[in-house]
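Novice: What follows is a protein structure lacking sequence information:
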């Protein structure tokens, strides 16, 4: 598999290095097993002659050339964690040139992979329009606003499509690398994941912080504060809208536009967050915790936690040990 990693100025160092380390390990184990050529032909490609990472390290890149015919192109994250930094970065000359190159590679048959903030660069090409995608969870509201034609679900860690694959935040780069290795060999991917103490994760939901998402919009932030005050008493769309001096339709529409979910779904996110905190630090039993977040019994809360986090109460409590 021929893989080209697009190295742009001020890349997120960990994202780039974890990709390189994963593929290097995969090649090492593959060679030990078969004695053949490396399974992955990985090249670092730059649209500039000299590229430095966000931490100031020089990245040895090769120029784009006509003989470079990758099967997969990977776009790592830029080290720009806020919309204020990201918007001007997307307008940089090297980023615009990389965007044009991605389109050319796509036209030539290459598949495109991107992780974390790299998904924004891929979305800028238009290749994700009317397709499912994920991104770094804390920029989900901004991604949804900037690319309304993309079918975003930032709770997912990996979303494959006919264009390629998008992956989630930060160390989603590792999930992306393991996914690509698995396409070549499930056994090899399993071996690499064991050496790196990493497993493919299906969801970003356990890592998401609802308050950070709410800050993307003033009405959502007020709704978040109202919701926290009413977790124990339960959810009422009418009461929430009235308290926020808006209509139920406006609140529903704003939640969908900003968060990609209904007011009730976001309210349940806050219930899950609060329940996790109580499981970790309160000493309360499950029935008492359920009452604290507005459920009549622990069984309902247990089901919600497993649906949202993919883990049971016993596993969540075990995190403390």
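Specialist: Yes, it's here. Just so we're clear, the structure is a prediction, and the values are computed from it rather than from any experiment.

Novice: After the longest helix along the chain, heading C-terminal, what element do we hit next?
Specialist: The longest helix of the chain (DSSP state H) is helix 13-34. As assigned by DSSP states H and E, the chain's next helix or strand after helix 13-34 is strand 41-46.

Novice: Okay, buried residues for that following strand please.
Specialist: Neighbour counts over strand 41-46 (16 or more other CB atoms under 10 Å) mark 42, 44, 45, 46 as buried. Yep, even glycine has a C-beta here, placed from its N, CA and C like the rest.

Novice: pLDDT score for the third one?
Specialist: Read that as residue 45. Looking at residue 45, its pLDDT stands at 97.

Novice: residues in contact with it?
Specialist: Going by CB atoms under 8 Å, 6 or more residues apart in numbering, residue 45 touches 4, 5, 6, 7, 61, 62, 63, 64, 68.

Novice: Narrow the residues you listed to those that are buried.
Specialist: Judged by 16+ other CB under 10 Å, buried ones among the contacts of residue 45: 4, 5, 6, 7, 61, 64, 68.

Novice: Among the residues you listed, name the ones in strands.
Specialist: 4, 5, 6 (DSSP state E).

Novice: could those residues be laid out in a markdown table, adding distance to residue 113?
Specialist: Listed next are these as a markdown table, based on distance: CB to CB, whole Å:
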| residue | distance to residue 113 |
| --- | --- |
| 4 | 10 |
| 5 | 9 |
| 6 | 10 |
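
Novice: Now flag whichever of those residues is closest to residue 242.
Specialist: Proximity of those to residue 242 (CB to CB) peaks at residue 6, which lies at 50.0 Å.

Novice: List the buried residues of stretch 169-188.
Specialist: 169-182, 185, 188.

Novice: for stretch 250-263, same thing?
Specialist: For stretch 250-263, the neighbour count (16+ other CB under 10 Å) marks 251, 252, 254, 255, 258, 259, 260, 261, 263 as buried.

Novice: and those residues, which two are the farthest apart?
Specialist: Most distant of these, by CB to CB, are 251 and 260, 14.6 Å apart.

Novice: so the nearest residue to residue 163 once chain neighbours are set aside, which of the three states?
Specialist: Counting by CB to CB, 6 or more residues apart in numbering, the nearest residue to residue 163 once its immediate chain neighbours are dropped is residue 127, at 5.0 Å. Under DSSP: H, G, I helix; E, B strand; the rest coil, the three-state class of residue 127 is coil.
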